[in-house]
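> Dropping the sequence and predicted coords here.
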Protein chains: 2
Amino acid sequence: MKSKLKMKFLQQASAIKALSHPTRLLIVNMLSKRDICVCELTKAIGNDISTVSKHLSVLKNAGLVDINRKGNRIFYKLKCPCILEFMSCVAKILEISAKEKRRHI
Amino acid sequence: MKSKLKMKFLQQASAIKALSHPTRLLIVNMLSKRDICVCELTKAIGNDISTVSKHLSVLKNAGLVDINRKGNRIFYKLKCPCILEFMSCVAKILEISAKEKRRHI
DNA sequence: TGTCTATTTTGCCAAATAACCAAATACATG
DNA sequence: CATGTATTTGGTTATTTGGCAAAATAGACA
C-alpha cells in the first residue's frame, strides 16, 4: 500500500499536471475573466476545436473547471478563483529564478 | 512569431511541468527542510538512483534547484522557498475541489 | 596513478501526450 | 422528423516521459 504522503503527492501532481500545458494556462487565464464557450476559446487559441475540447476535458477531470450548458453551447467556468493565486506564485518563482540567472552571468 | 502572452504561458507551463510528478514533489518537500544529496534522496524514494538523478536534472533545468558539491557528494538545494507557497496553493485548490465534490453527491 | 564512492549519461522500451481528421452525439429550431 | 450548429469521441501518428541497467564521469584519497 502506498503511504499517505505519497498518495497526497500523487494527487497534487495530477492537479499540477493539468496546468502544465501552455494552452491550458491560456484557457484558465481567459476563464478567469468570464465563462466562455468552446468555440470562442477555439478562436482565441487557434488549434482544432477537437484539440481544445480535449484540453478542456483535462481541466474538467482535474476538477478545475465546471460546465454550464446554455442552448446548444457549453460554457466553461473556473471552479476556484484561487487558481489565479497559484498562477501568480508561478510567476513569482520564474521572476526570482530569472533574477538569480542574471546575477550569475 | 509567438505573441508575448503565449511565450509567457509557454515558460510558465514548463516550470509547472517540472513540478507535475509525484516523485519530484516529494523531492521538493524533502529539500524544503534541508539540502540533501542524491543517495539519501534515492533511499527515501525507492527508485533506481539513475531515475532520481534524472528527476533532479529536470528540477535543475527548470531552475528550481541548485547544486552544491561537498567532497564527493552533491547536495541539492531548493532555489526559492516560495515553491512551498505554490504547494500550499495546490493543496488549497484540491481542498476546495474536494469540498465541491462532496456537496454535489 | 589506481581504486573507491557518488553521480550523471546513454541506450532501450513501454506508456502517456498532443496534434489532426473524421465520425458520432447533443440540442435547437424549422 | 430533418437539418444545422456546437461539442465530444475515436483513430492515427509523432513526440515526450519515466523507468531500469550498463557505461561513463568526477572527485577523494591511499
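Alright, I've got the coordinates. Small disclaimer: the values here were computed from a predicted structure and weren't measured.
> need the helices for chain A, in chain order.
A:4-18, A:22-31, A:38-45, A:49-61, A:82-104 (DSSP state H).
> Kindly compare burial across these and name the winner.
Neighbour counts (mean count of other C-beta atoms under 10 Å in any protein chain shown) averaged over each of the helices of chain A peak at helix A:22-31, with a mean of 21. Where C-beta positions appear, they are placed from N, C-alpha and C, glycine not excepted.
> export that helix as PDB, just CAs?
What follows is helix A:22-31, C-alpha atoms only, in PDB (Å, rounded to 0.1, in the frame of the first residue of the first chain):
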ATOM      1  CA  PRO A  22       0.500  26.500 -22.300                       C
ATOM      2  CA  THR A  23      -2.900  26.100 -24.000                       C
ATOM      3  CA  ARG A  24      -4.500  25.100 -20.700                       C
ATOM      4  CA  LEU A  25      -2.900  28.100 -19.000                       C
ATOM      5  CA  LEU A  26      -4.300  30.400 -21.700                       C
ATOM      6  CA  ILE A  27      -7.700  28.800 -21.200                       C
ATOM      7  CA  VAL A  28      -7.600  29.300 -17.400                       C
ATOM      8  CA  ASN A  29      -6.500  32.900 -18.000                       C
ATOM      9  CA  MET A  30      -9.500  33.500 -20.300                       C
ATOM     10  CA  LEU A  31     -11.900  31.800 -17.900                       C
END
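> can you tell me which residues contact the nearest residue to A:I83 once chain neighbours are set aside?
Leaving aside its sequence neighbours, A:I83 sits nearest to A:V28 (C-beta to C-beta, 6 or more residues apart in numbering or on different chains; 5.8 Å). For A:V28, the contact set (C-beta atoms under 8 Å, 6 or more residues apart in numbering or on different chains) comprises A:19, A:59, A:64, A:78, A:83, A:87.
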